[in-house]
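Student: The sequence isn't on hand, but the structure is:
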């Protein structure tokens, strides 16, 4: 059977070359998770090598399911934010063992499977008004652009919360050859990617990543960039000193502890994972699908059940393997920006996750300053959805604006959706526009649940 028959490429106005390039691009923009996730989860006491293998396998399984069940170009992996919550809040803050935290993730995955089978998640997706869906796309764009600026250290912490990186200070304190040069390379990479985009070069985002990485390697050879592992600046060259071997998954595989499953603390933790994963995933699906013009005239995403099921099964499988919640990645937007429209994009990314098990030194060598320009440019591309929002009608525009600014400022896709839904319902209800808008019952229920979440959790 040909790829055309499996993925319906012509019907989706794409071809094999475009899809594969999009899959490679998405993988390249999110390959950092293979380095970051083991680092974060290892602080909870988990074995770093085992978490690396679990991360790659969970991403491979969940993304293959996405390709098979929905034929969408979305890629899944253990989510950022959720892994931090796992380690710093649940384990280090609340005193749970990582084994118990894994069991909470597993139970959450099982509940998700049930919710996906019963159309609850699909109904939530369809209940969100179209203007709010466009706002989610814009908010995600600003959010991932902000993540890109932070990853590149262009934006850093300061007494004013955030500020621009100071080259003068890095030269004065002698950190220019590690910190300063990476910021400069990221800015050059951003310009390279932008120029490639303007010239409409195929694979512009991928070439931007590779160009920035290669420039970094040249700087390392010239002595302009000096690795400083203690400060988090590693060699940009792949390290094959340990040969090609897959770290054992035994230290984390099937190590869930269900002894506290009926306690109130466990329920609260499980629901926190459940909430963040559900609305991060819905937000990502809305935002990326909206940008790719995959939503129908009613703002619905056809075959969403398959996409949600892939996410749910991926979460449960990831917990069994030994990693935190697996979710649909917002970086999928980079592949969509490259023209990815079908499951061939996600399958390509999945295969690269599988391949990364054998070639981990190469993928772990891609620095965050090389992928940062890609995230910033994708943020720009997603921001263009703002033109689809009806700013003439304030009852539509103000909730959309609140949703947009909440995502980057609160550093959370799910918080943006929460505030968007609450403000949409309250503003329309109090101003007497609710009947005219025909706001669904589910929107009212969501608004109440979100308000209760802030009161109780």
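Tutor: Structure's in. What do you need? Please read these numbers as outputs of a predicted model, since none were measured by experiment. Numbering: from 1, shown residues only.
Student: Buried residues, stretch 444-456. List them.
Tutor: Residues of stretch 444-456 classed as buried: 446-447, 450 (neighbour count, 16 or more other Cβ atoms under 10 Å). Where you see a C-beta, it was placed from the backbone N, CA and C, and this is true even at glycine.
Student: do the same with stretch 380-398
Tutor: Judged by neighbour count (16+ other Cβ under 10 Å), stretch 380-398 contains these buried residues: 381-383, 385-386, 389, 395-396.
Student: Pull the distance from the lowest-mean-pLDDT helix or strand in the chain to the chain's centre.
Tutor: Taking mean pLDDT, DSSP states H and E as the measure, the helix or strand of the chain with the lowest value is helix 360-364, at a mean of 74. On the basis of Cα atoms, centre = their mean, to the nearest Å, helix 360-364 is displaced by 20 Å from the centre of the chain it belongs to.
Student: pLDDT of the next helix or strand after it, averaged?
Tutor: Read in the C-terminal direction, the helix or strand following helix 360-364 is helix 368-383, with elements assigned using DSSP states H and E. Taken as a whole, helix 368-383 has an average pLDDT of 86.
Student: Remind me what helix 368-383 packs against, helices and strands.
Tutor: Counting contacts by 3 or more Cβ pairs under 8 Å, 6 or more residues apart in numbering; DSSP states H and E, helix 368-383 is packed against helix 16-30, helix 130-151, helix 181-198, helix 204-222, helix 264-291, helix 332-337.
Student: After it, heading C-terminal, what element do we hit next?
Tutor: Next along the chain after helix 368-383, taking DSSP H and E as the criterion, comes helix 394-409.
Student: angle of that following helix against helix 264-291?
Tutor: With axes from the mean of the first three to the mean of the last three Cα atoms, to 10 degrees defining the directions, helix 394-409 sits at 110 degrees from helix 264-291.
Student: Tell me where the stretch 51-200 of the chain has strands.
Tutor: Defined through DSSP state E, counting those that start in this stretch, the strands belonging to the stretch 51-200 of the chain, from first to last, are 76-78, 155-158, 161-164.
Student: The shortest one - which strands sit beside it in the sheet, and in what orientation?
Tutor: When pairs are called by DSSP bridges, strand 76-78 turns out to pair with strand 326-328 (antiparallel).
Student: looking at it, residue 16 is touching residue 3, isn't it?
Tutor: Yes: using Cβ atoms under 8 Å, residue 16 is in contact with residue 3, at 5.7 Å.
Student: Can you check which residues contact both of these two?
Tutor: Contact with both residue 16 and residue 3 is made by residues 9, 344, according to Cβ atoms under 8 Å, 6 or more residues apart in numbering.
Student: still on that earlier bit, summarise which helices and strands the least confident helix or strand of the chain is packed against.
Tutor: For helix 360-364, the contact count by 3+ Cβ pairs under 8 Å, 6+ apart identifies helix 33-42 as packing neighbours.
Student: Quick check: mean pLDDT of the helix it packs on?
Tutor: 85.
Student: That helix versus helix 130-151: what angle between them?
Tutor: Computed by the same axes, to 10 degrees, the angle between helix 33-42 and helix 130-151 is 80 degrees.
Student: what about helix 33-42, distance to the chain center?
Tutor: Its chain's C-alpha centre and that of helix 33-42 lie 14 Å apart, by Cα atoms, centre = their mean.
Student: any residues touching that helix, and which ones?
Tutor: The list of residues contacting helix 33-42 from outside it, by Cβ under 8 Å, 6+ apart, reads 48-49, 51-52, 55-56, 59, 77-78, 80, 83-84, 86-87, 98, 323-324, 329, 353, 356, 360, 363-364.
Student: What are the buried residues along stretch 345-361?
Tutor: Judged by neighbour count (16+ other Cβ under 10 Å), stretch 345-361 contains these buried residues: 345-354, 356-357, 360-361.
Student: Nearest the geometric middle of the chain, what residue?
Tutor: Nearest to the centroid of the C-alpha atoms of the chain, with distances taken as Cα atoms, centre = their mean, sits residue 329, at 3.1 Å.
Student: returning to that earlier point: of the helices and strands packed on helix 368-383, flag the one that's most buried.
Tutor: Comparing the helices and strands packed on helix 368-383 by mean neighbour count (mean count of other Cβ atoms under 10 Å), helix 332-337 ranks first with a mean of 30.
Student: Average pLDDT for that helix, rounded please.
Tutor: Helix 332-337 shows a mean pLDDT of 88 in the predicted model.
Student: which helices and strands does it pack with?
Tutor: Using 3+ Cβ pairs under 8 Å, 6+ apart as the contact criterion, the neighbours of helix 332-337 among helices and strands are helix 16-30, helix 130-151, helix 264-291, helix 343-356, helix 368-383.
Student: Any chance of JSON lines for the ones you listed, columns distance to residue 117?
Tutor: As requested, those are exported to JSON lines (distance: least, Cβ to Cβ, whole Å):
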{"stretch": "helix 16-30", "distance to residue 117": "28"}
{"stretch": "helix 130-151", "distance to residue 117": "24"}
{"stretch": "helix 264-291", "distance to residue 117": "15"}
{"stretch": "helix 343-356", "distance to residue 117": "21"}
{"stretch": "helix 368-383", "distance to residue 117": "31"}
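Student: Out of these, which gets the lowest mean score?
Tutor: Of all the helices and strands packed on helix 332-337, helix 264-291 carries the lowest average pLDDT, namely a mean of 79.
Student: Next secondary structure after that one?
Tutor: Beyond helix 264-291 on the C-terminal side, the first helix or strand identified by DSSP H and E is helix 304-321.
Student: list the contacts for residue 177?
Tutor: With contact taken as Cβ under 8 Å, 6+ apart, residue 177 is in contact with 223-226.
Student: Now do residue 292 against residue 308, distance only.
Tutor: When Cβ to Cβ, to the nearest Å is applied, the distance between residue 292 and residue 308 equals 17 Å.
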